[in-house]
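> structural data only, the sequence is not supplied:
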């Protein structure tokens, strides 16, 4: 509750504080009355809008994409309202365009940053213990999944008894907030009644896939391949989504390629010195609709090295500068050309070698679902899951890929960009 009011105060007052601060640095003329009501009205409207979108309840449990969406969507509408009011009152001429533009761009970023920093601290964190109960088949969470749930203060138990009286007693005694239904066979009427009664007392009911998407930000894939309802939401991008995706590809990809051109020359000299041979590494990868294309990267291994489809830690085939390029992601830069050509997106499922895809499909029948969209240089799976080199790792990454495809939005794309920057700066495995 305390954190709720802290965030409300930030949304209400920070627009005015930011406007005053920027005015001090950017404008030579004195403070005008129009700036005062601009800051106050925008703050009050932001607080009201975020409240109506449920932005103050369980803030810690919301995804970064959702947090970005609530603030930026509200902020754009608020700016238009303020400009309209200023125009109707005849005050629009008094507003400094430079001040307004900088304020409009920086304020929502500062608001989100402050909220995230406060929420990350133990002193201000609004995270409360949430207790869930899996009814039906048990599920063994991986170490990474357990860590993610612990960070959100989510405790999950398992109920595998057929005695419904025990289920009701467990829900009441253990103070269960939500029940996760993990049942493959037909659910009995008695179980439905018991769960329905539990919902009437405030206990939420959800499927395993819903639980995975909400708390782990990935789709749930059962090992037995039964119950594939989650595949209903997996589809290619809609036309409007594709336009946004390609717009990001051209703007960000083109800028990155231009800025990185000097790096190409430096890489050329270093590779020639440490491992004579071709500068670029070319390989056929699987792309959109399962069709292959040739991907281009900087070569990081010695030419004519022994064949092994998987890269291992301290792999002897990688020369010293090649190891640096892999850690810093410099070897990925030539793929920007693939992006501009239309073979890839900046963000999407990772490109995989044709041979590996054939092997994965034998073990994971639904693996080709990730090829409903173009692959990316980086992606949701790469920033959410550590580097892996076996079928189980590929299965885990597929869960993230399917979530990304199913839930794609501009806000999820921005979150992926932010997480990618964090991974590159932290040099974690992609």
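Nice, thanks for sending it over. In this text, all values refer to a predicted model and were calculated from it rather than measured experimentally.

> alpha carbons only for contacts and neighbour counts from here, please
Fine.

> the chain - how does it break down into domains?
According to automatic domain parsing, the chain comprises the domains 2-120, 130-216, 239-426.

> minimum distance to residue 223: which of these has it?
domain 239-426 (8.8 Å; C-alpha to C-alpha).

> can you point out the buried residues in the helix or strand hosting residue 172?
Using DSSP states H and E, residue 172 falls within helix 164-173. Across helix 164-173, burial judged by 16 or more other C-alpha atoms under 10 Å covers 167, 171.

> that one - contacts with which helices or strands?
helix 189-200 (3 or more C-alpha pairs under 8 Å, 6 or more residues apart in numbering; DSSP states H and E).

> contact partners of the helix it packs on?
164, 168, 171, 204, 205 (C-alpha atoms under 8 Å, 6 or more residues apart in numbering).

> angle of that helix against helix 164-173?
Interaxial angle, helix 189-200 versus helix 164-173 (axes from the mean of the first three to the mean of the last three C-alpha atoms, to 10 degrees): 20 degrees.

> now tabulate the contacts of helix 189-200 in TSV and tack on distance to residue 14 and pLDDT.
Below are the contacts of helix 189-200 laid out as TSV (distance: C-alpha to C-alpha, whole Å; pLDDT from 0 to 100):
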residue	distance to residue 14	pLDDT
164	52	76
168	47	81
171	43	86
204	36	88
205	38	87
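
> which one of those residues sits closest to residue 45?
residue 204 (31.7 Å).

> quick check: phi and psi at that closest one.
phi -80, psi 150 (degrees, to the nearest 10).

> surely it meets residue 177?
Yes: using C-alpha atoms under 8 Å, residue 204 is in contact with residue 177, at 6.3 Å.

> pretty sure residue 378 is touching residue 351, no?
No: look at residue 378 against residue 351 with C-alpha under 8 Å: they stay out of range, at 9.3 Å.

> so which helix or strand of this structure has the lowest pLDDT on average?
Using mean pLDDT, DSSP states H and E, helix 189-200 stands out as the lowest-scoring helix or strand of the chain, at a mean of 76.

> next helix or strand past that helix?
Following helix 189-200 toward the C-terminus (DSSP H and E): strand 204-207.

> in the stretch 1-150 of the chain, which spans are helices?
2-26, 33-52, 64-89, 97-120, 143-151 (DSSP state H, counting those that start in this stretch).

> is it possible to get CSV of these that adds mean neighbour count and distance to residue 254?
CSV is the format used below for the helices of the stretch 1-150 of the chain (neighbours: other C-alpha atoms under 10 Å; distance: least, C-alpha to C-alpha, whole Å):
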stretch, mean neighbour count, distance to residue 254
helix 2-26, 17, 31
helix 33-52, 18, 34
helix 64-89, 16, 24
helix 97-120, 15, 22
helix 143-151, 14, 35
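
> out of these, nearest to residue 419?
helix 64-89 (9.9 Å).

> now the closest one against helix 97-120, angle please.
Going by the same axes, to 10 degrees, helix 64-89 makes 150 degrees with helix 97-120.

> how far is helix 64-89 from where the chain is centred?
Mean C-alpha position of helix 64-89 versus that of the full chain (C-alpha atoms, centre = their mean, to the nearest Å) differs by 23 Å.
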